[in-house]
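**Student:** how does the following fold in three dimensions:
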Amino acid sequence: MDGDRRDFLKNVTICAFAASFMPVRVSYGENEPKADAEGVSTKSRAEEALSLMREYGSCCTGVLASYAPELGMESELAAGLGRGMAGGIGSLGNVCGAVSGAVLVIGAKTTNKSNIHDMEAGMKTMETVREFVARFEEQHSSIECRELIGHDISTMEKTEAAMKANAFANCPKFVESAVTILDDILSS
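**Tutor:** As a prediction, the model looks like this:
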């Protein structure tokens with residue numbers, strides 16, 4: 001195993017170990033999801049998502065946690081669920097975290113106890129995901145983190161270089177776009 005990979009795995013292990021001490025409350029169905037976000041404007045949700053992105057440290061956690069109350073979960077649980085999606089899934093530069101967060105929201109918003117085993121409902125969820133992805137790609141030309149930020153971030157050294165180059169400066173734009181598209185799709 002080369003040094004870069006070893007350092008990357010060491011850092012991931014340290015982060016996972018540190019995260020295991022963070023308090024996360026799992027509701028086990030105590031909180032039923034709310035049907036919709038009455039009174040939540042897209043602008044205020046985008047602001048909330050950006051605030052949560054800064055608080056929790058990733059695009060996915062910002063998008064997913066901004067919908068947490070509607071999904072019947074605590075923000076911290078949403079942040080924990082989205083943590084591994086940061087940096088394009090484990091900081092590998094794959095699918096943008098904002099897109100991953102939106103896809104998780106779509107799944108949660110379109111699935112319930114009565115349709116979890118319904119193939120037709122599953123196909124409708126997939127159609128909604130495809131619509132979201134098409135609209136995101138139309139605005140940003142890609143859903144891949146490395147393409148959106150213009151840097152390979154697959155190692156700690158490469159991530160640090162991307163940070164020095166201010167490669168993540170457009171991430172708030174991707175979070176805002178994801179929330180805007182998602183609100184539009186879910187409200188229709």
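**Student:** which residues are contacting the helix or strand harbouring Thr61?
**Tutor:** In this assignment (DSSP states H and E), Thr61 forms part of helix 59-66. Helix 59-66 has contacts (C-beta atoms under 8 Å, 6 or more residues apart in numbering) with 45, 48-54, 56, 75, 78-79, 81-83, 85-86, 96-98, 100-102, 104-105, 171, 174-175, 178-179, 182. From N, CA and C alone the C-beta is placed, and that goes for glycine too.
**Student:** which of these fall in helices?
**Tutor:** Among those, DSSP state H puts 45, 48-54, 56, 75, 78-79, 81-83, 97-98, 100-102, 104-105, 171, 174-175, 178-179, 182 in helices.
**Student:** leaving out sequence neighbours, find the closest residue to Met53.
**Tutor:** Gly62 (2.8 Å; C-beta to C-beta, 6 or more residues apart in numbering).
**Student:** count of neighbours near that neighbour?
**Tutor:** Neighbourhood size, Gly62 [other C-beta atoms under 10 Å]: 32.
**Student:** just checking, which helix or strand of this structure averages the lowest pLDDT?
**Tutor:** The helix or strand of the chain with the poorest confidence is helix 3-19; it has a mean of 43 (mean pLDDT, DSSP states H and E).
**Student:** tell me the contacts of Asp152?
**Tutor:** Applying C-beta under 8 Å, 6+ apart, one finds that Asp152 lies in contact with 93, 146, 158, 162.
**Student:** could you list the residues in contact with the biggest helix by length in the chain?
**Tutor:** Counting residues, the longest helix found in the chain (DSSP H) is helix 119-140. The contact list for helix 119-140, computed with C-beta under 8 Å, 6+ apart, reads 96, 99, 102-103, 106-107, 110-111, 115, 143, 148, 174, 177-178, 181-182, 185.
**Student:** buried set for it?
**Tutor:** Buried residues in helix 119-140, counted by 16 or more other C-beta atoms under 10 Å: 125, 128-129, 132-133, 135-136, 140.
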